[in-house]
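Undergrad: After the sequence you'll find the predicted model.
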Amino acid sequence: MRIIVHHPLAAKLQALLSAMLPHAEVVTSDEMPASRADYLAVFNPPKALLEAQDASLKGIINVAAGVDALLNNPSLPPNVPITKLRDAGMASLMLDYSLYALLHFSRDFDRYAEQARERRWKLRFPQPRSQWPVGVLGLGAIGAQVAEGLARHGYQVNGYSRSAKTLEGVTTFHGEEGLQEVLQRSRTIINILPATPATSGILNRTTLSQMPEGGVVINPGRGNAIMLDDLVELLDSGHLRGAALDVFPHEPLPPESPLWQHPQILITPHSAAPTMMEDAAAQIADYIERWENGEAIPSVDRDAGY
Ligand code: GLV
């Protein structure tokens, strides 16, 4: 059985998978850029690798939670089953990032930074967490854990997903009206929706205006969701208080982007939840073993885009 790996940390993934699957031949796409495989374990694979595959390809594992780059690749072979990383260590990192960004605004660290620039000593009395209702958009393997984790931290959490979901300690909503409801009820929203045609620009002037005055937008998910010009307009007008952005429609964010200098925006370089290679390799090995044993594994719905 041959597994070809394509990833920025391919050598590490190769070593881990070789140890976990001793009977498999695990090679990197540098070693075999255009050879057939039984399985591909890939993130954003080159066309040549996809085009070299034939009917013996049994499955593709997306070495990331988001499958947008893979599904948008015109050389992706039709019909072959696709799966993706599910949590694999990323959910707790996303929860860390979300909490950090939420506390940055809810505990006034944004205002203290401004005060420090002016050498102004002024206590701002903290508001209780119950006054910072949070909306989590996207309740997949990662979003669900972020929502439940924030609820465990004492926040009132509203969750939005495309289809109905039930989560511990979270008030859940779905569908178009559900999104409106979550935006209206939440002082902070956290976007963890997958990048699909349906989520493109979902946070725009109209939807973001539904958030209460002083709202905060946190995006550790995908950059396609937010219309950035609309976000900046609402920050500048004072309707929104701040934003923490980890992902952008085009990455890296170019040095000339005015967003870097915007006083109400915190920027990080797609670093909220990097792929944890040990966890990822264990999940990939498990998928391959189950595929080999003819067991069903959760697959990506190409039409839905996640
Ligand atoms: C990272 O962005 C991922 O999709 O896992």
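TA: Arrived safely, thanks for sending. Residues are numbered from 1 along each chain as shown.
Undergrad: show me where the stretch 151-300 of the chain has helices.
TA: 175-185, 205-208, 228-236, 277-292 (DSSP state H, counting those that start in this stretch).
Undergrad: Does residue 47 touch residue 72 like I think?
TA: No - Residue 47 lies out of contact with residue 72 (Cβ atoms under 8 Å); the separation is 11.8 Å. Heads up, the C-betas are built off the backbone N, CA and C, glycines and all.
Undergrad: Quick check: residues of the protein near the ligand?
TA: Taking Cβ under 6 Å from any ligand atom as the contact definition, the chain meets the ligand at 64-66, 275.
Undergrad: Which one of those residues is nearest to residue 256?
TA: residue 66 (26.1 Å; Cβ to Cβ).
Undergrad: Enumerate every residue touching residue 134.
TA: The contact partners of residue 134, taken as Cβ atoms under 8 Å, 6 or more residues apart in numbering, are 102, 150, 155-158, 186-190.
Undergrad: cutoff 7 Å now
TA: 102, 150, 155, 157, 186, 188, 190 (Cβ atoms under 7 Å, 6 or more residues apart in numbering).
Undergrad: Who wins on neighbours among those?
TA: Neighbour counts for the contacts of residue 134 (other Cβ atoms under 10 Å) peak at residue 190, which has 30 neighbours.
Undergrad: What score does the closest residue to the ligand within the stretch 151-300 of the chain have for pLDDT?
TA: Closest residue of the stretch 151-300 of the chain to the ligand, Cβ to the nearest ligand atom: residue 275 (5.8 Å). Reported pLDDT at residue 275 in the predicted model: 96.
Undergrad: How is this structure divided into domains?
TA: According to automatic domain parsing, the chain comprises the domains 2-86+275-292, 90-267.
Undergrad: Can you redo the helices of the stretch 151-300 of the chain as CSV, where the extra columns are mean neighbour count?
TA: Supplementary listing: the helices of the stretch 151-300 of the chain in CSV, determined by neighbours: other Cβ atoms under 10 Å:
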stretch, mean neighbour count
helix 175-185, 16
helix 205-208, 16
helix 228-236, 17
helix 277-292, 19
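Undergrad: Serialize those helices to a markdown table and add fields for distance to residue 34.
TA: Compiled in a markdown table, these are given as follows (distance: least, Cβ to Cβ, whole Å):
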| stretch | distance to residue 34 |
| --- | --- |
| helix 175-185 | 43 |
| helix 205-208 | 44 |
| helix 228-236 | 38 |
| helix 277-292 | 22 |
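Undergrad: Could you measure from the most centrally placed residue in the chain over to residue 1?
TA: For the chain, the residue lying nearest the average C-alpha position, counting by Cα atoms, centre = their mean, turns out to be residue 221 (3.1 Å). Distance, residue 221 to residue 1, using Cβ to Cβ, to the nearest Å: 34 Å.
Undergrad: which residues touch residue 183?
TA: 135, 189, 207, 210-211.
Undergrad: number of nearby residues for the residue nearest to residue 227 when sequence neighbours are not counted?
TA: Using Cβ to Cβ, 6 or more residues apart in numbering and skipping the chain neighbours, the partner closest in space to residue 227 is residue 204 (4.2 Å). Burial of residue 204 is recorded as 17 neighbouring residues (other Cβ under 10 Å).
Undergrad: thought residue 204 was touching residue 228?
TA: No - look at residue 204 against residue 228 with Cβ atoms under 7 Å: they stay out of range, at 9.9 Å.
Undergrad: Where does pLDDT dip in the stretch 201-306 of the chain?
TA: Within the stretch 201-306 of the chain, no stretch has pLDDT under 70.
Undergrad: for it, what spans make up the strands?
TA: Ranges of strands in the stretch 201-306 of the chain, per DSSP state E, counting those that start in this stretch, are 215-219, 240-245, 265-267.
Undergrad: Please produce CSV containing those, extended by mean neighbour count and distance to residue 109.
TA: CSV is the format used below for the strands of the stretch 201-306 of the chain (neighbours: other Cβ atoms under 10 Å; distance: least, Cβ to Cβ, whole Å):
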stretch, mean neighbour count, distance to residue 109
strand 215-219, 25, 12
strand 240-245, 23, 10
strand 265-267, 17, 10
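Undergrad: Could you say which one of the ones you listed comes nearest to residue 298?
TA: Among the strands of the stretch 201-306 of the chain, strand 215-219 comes nearest to residue 298, with 25.4 Å by Cβ to Cβ.
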